[in-house]
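Novice: Fold the following for me, if possible:
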Amino acid sequence: AFLGYIAYWQYTKSIEEEVGEYIPRLVKQVNGNIENDIQKLETLPDLIYNSGDVMAILRDSQSKKKSVLLHDEYIMKSYLTRTYLNNNSSHILGAFLVSKNRTFASTSLHYDSFGFEDGSLPYADDLGLIGEMQLLLPNQTNLTFEGDPSYFMLVKPITDFDNRKNLGTLYIAIDVAFFEQSLQDLQKEENVTMWIMNKRGKIIYHKDHSKIGSVEKGIHDYPLLNGSFRTEIDGKRNLISISESNELPWVLVHSMPIKNMTEKTDVIRNVTIFVFILFTLITTLISIFFAWTVTRPLNELGDIMKRVEKGDLLVDIPIHSKDEVGMLANSFRSMLAEIRELILKNYHIELRKKTAELYALQSQINPHFMYNTLE
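Specialist: Now for the predicted structure:
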């Protein structure tokens, strides 16, 4: 049991060390894949430059009749739908183009309150750049979609390179399920939790979407931002693996209960404990049986000795085996036989002695009897 415990402890420790080295490398690789996927989205705003009609609408600053404005809006919405919603990832919730106090929008879901908290449509200043784009989180906007899905938004200015003027700003809203494609393999295991947060702890993506936008206060207690460490969460020991993005201002976190890593070892441990208990019971029963087979003839021999002690020398000593107890019983039987023989021999000696004495007395009496008779 002691050796088994030491082996189990050493084995689980080695598993924790190996997983603690392997998972951070895997998380870093996934983080790199996410960076590549997001950088691919960087080319989406540039598609606008391929449409002469769209560029003409954005460049035209003259006042227009309502019919012309509606026509322009139709062209822009059709282009945004065709370019960003139909031919790209299904994770794109909508595309918004703001130009000269006009907003052109195309979305896959009904939306409400496009705009930001201060109404000025600013660029994000806390998540940094993704190439030439910037990130916005839902808490920085008033925009909501039907069903309230969590999303992040890519922002990029549209520049007229011929005239060196800013024509507007393109906003692309992308469902956070975009991250799940890259993280799904790591999140298959039960009780594994993953999230993406900035360096101040604000959660950009979480397996539990209700936590998106909240703040992970424990980030200040993390001993590192690349690698793994053990910590206790809700009374359970967890292995936290972290990878800091090289290109993006966030960290990818992977949390796994240590119990998950050692569950197969626990099965072996439980089987070992079961076998140990089984063998303990078996050996205990065997020990009791052998002890009984030894103590029973000893007790019988002890009872016989007590009878001999009281003077009963005609007892029968049974011999059940040829082991040490059998040898002792045989020796005791031989001893009793010799004692009986000695007693019988001594009896006969005493008897012959008495007879001789009687004859001697007779021989002494006979002459005196004859003499007295003659007298």
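Novice: Nearest residue to residue 177 in space, ignoring adjacent ones along the chain?
Specialist: Beyond its immediate neighbours in the sequence, the residue positioned closest to residue 177 (CB to CB, 6 or more residues apart in numbering) is residue 91, lying 5.6 Å away. In this view, the C-beta of every residue, glycine as well, is placed from N, C-alpha and C.
Novice: tally of neighbours for that neighbour?
Specialist: Other residues within reach of residue 91 by the criterion other CB atoms under 10 Å amount to 18.
Novice: Might one say that it is in contact with residue 179?
Specialist: No - proximity of residue 91 to residue 179 does not meet the contact threshold set by CB atoms under 8 Å, at 9.1 Å.
Novice: Excluding sequence neighbours, find me the nearest residue to residue 272.
Specialist: Sequence neighbours aside, residue 4 is the residue nearest to residue 272 in space, at 5.5 Å (criterion: CB to CB, 6+ apart).
Novice: Against which helices or strands is the helix or strand hosting that neighbour packed?
Specialist: Element membership of residue 4, judged by DSSP states H and E, is helix 2-41. For helix 2-41, the elements it packs on are strand 129-130, helix 177-183, strand 227-233, strand 236-244, strand 250-257, helix 258-261, helix 263-309, judged by 3 or more CB pairs under 8 Å, 6 or more residues apart in numbering; DSSP states H and E.
Novice: helices or strands next to the last one in the packing?
Specialist: Counting by 3+ CB pairs under 8 Å, 6+ apart, the packing neighbours recorded for helix 263-309 are helix 2-41, helix 324-374.
Novice: that older thread, what is the orientation angle of the helix holding residue 4 with strand 250-257?
Specialist: Going by axes from the mean of the first three to the mean of the last three CA atoms, to 10 degrees, helix 2-41 is angled at 150 degrees with respect to strand 250-257.
Novice: C-terminal to helix 2-41, what's the next element?
Specialist: Once the chain leaves helix 2-41, the next helix or strand it forms, by DSSP H and E, is helix 52-59.
Novice: before we move on, the earlier item: in contact with the residue nearest to residue 272, which residues are there?
Specialist: With contact set as CB atoms under 8 Å, 6 or more residues apart in numbering, residue 4 has these partners: 269, 272, 276.
Novice: Which among those residues count as buried?
Specialist: Buried positions within the contacts of residue 4, assessed by neighbour count (16 or more other CB atoms under 10 Å), are residue 269.
Novice: possible to save the contacts of residue 4 as TSV with pLDDT and distance to residue 175?
Specialist: Putting the contacts of residue 4 into TSV (pLDDT from 0 to 100; distance: CB to CB, whole Å) gives the following:
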residue	pLDDT	distance to residue 175
269	77	43
272	82	48
276	87	53
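Novice: Including distance to residue 221, could the contacts of residue 4 go into CSV?
Specialist: Putting those into CSV (distance: CB to CB, whole Å) gives the following:
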residue, distance to residue 221
269, 32
272, 37
276, 40
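Novice: So in the chain, where's the weakest helix or strand by average pLDDT?
Specialist: For the chain, scoring each helix and strand by mean pLDDT, DSSP states H and E identifies strand 129-130 as the least confident one, at a mean of 48.
Novice: Residue 98: which of the helices and strands packed on helix 263-309 is closest?
Specialist: helix 2-41 (18.6 Å; CB to CB).
Novice: what angle separates that closest one from strand 227-233?
Specialist: Angle between the axes of helix 2-41 and strand 227-233 is 110 degrees (criterion: the same axes, to 10 degrees).
Novice: roughly how far is helix 2-41 from the heart of the chain?
Specialist: Mean C-alpha position of helix 2-41 versus that of the full chain (CA atoms, centre = their mean, to the nearest Å) differs by 12 Å.
Novice: just stretch 252-259 next, same as before
Specialist: Per CA atoms, centre = their mean, the centroid offset for stretch 252-259 relative to its chain is 9 Å.
Novice: cool, and stretch 211-218?
Specialist: Taking CA atoms, centre = their mean, one finds stretch 211-218 lying 24 Å from the centre of the chain it belongs to.
Novice: now do the same end-to-end measure for it.
Specialist: Distances were taken as CA to CA, to the nearest Å; on that basis the terminal residues of stretch 211-218 are 14 Å apart.
Novice: And the contacts of that stretch?
Specialist: Contact partners of stretch 211-218, identified using CB under 8 Å, 6+ apart, comprise 137-139, 150, 176, 195, 197, 200-206, 253.
Novice: about what we covered before: so which of the helices and strands packed on helix 2-41 is the most packed in?
Specialist: Per residue and on average, the most neighbours among the helices and strands packed on helix 2-41 fall to strand 250-257, with a mean of 22 (mean count of other CB atoms under 10 Å).
Novice: Which residues does it contact?
Specialist: Counting by CB under 8 Å, 6+ apart, strand 250-257 makes contact with 19, 23, 27, 30-31, 34, 127, 186, 189, 191-199, 204, 216, 225, 233, 236-245, all of which sit outside it.
Novice: Against the centre of this structure, work out the most remote residue.
Specialist: The C-alpha centroid of the chain is most remote from residue 375, which lies 129.8 Å away (CA atoms, centre = their mean).
Novice: if I look at that residue, how far off is residue 369?
Specialist: 11 Å (CB to CB, to the nearest Å).
Novice: Kindly report the same for residue 358.
Specialist: Using CB to CB, one gets 16 Å for the distance from residue 358 to residue 369.
Novice: try residue 204
Specialist: Per CB to CB, residue 204 is found 145 Å from residue 369.
Novice: Mind giving me the PyMOL command for buried ones among the contacts of stretch 211-218?
Specialist: Buried members of these, defined by 16+ other CB under 10 Å, are picked up in PyMOL with:
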select buried, resi 137+138+150+176+195+197+202+203+204+205+206+253
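Novice: Hmm, which of the contacts of stretch 211-218 is lowest in pLDDT?
Specialist: pLDDT across the contacts of stretch 211-218 is at its lowest for residue 138, which sits at 63.
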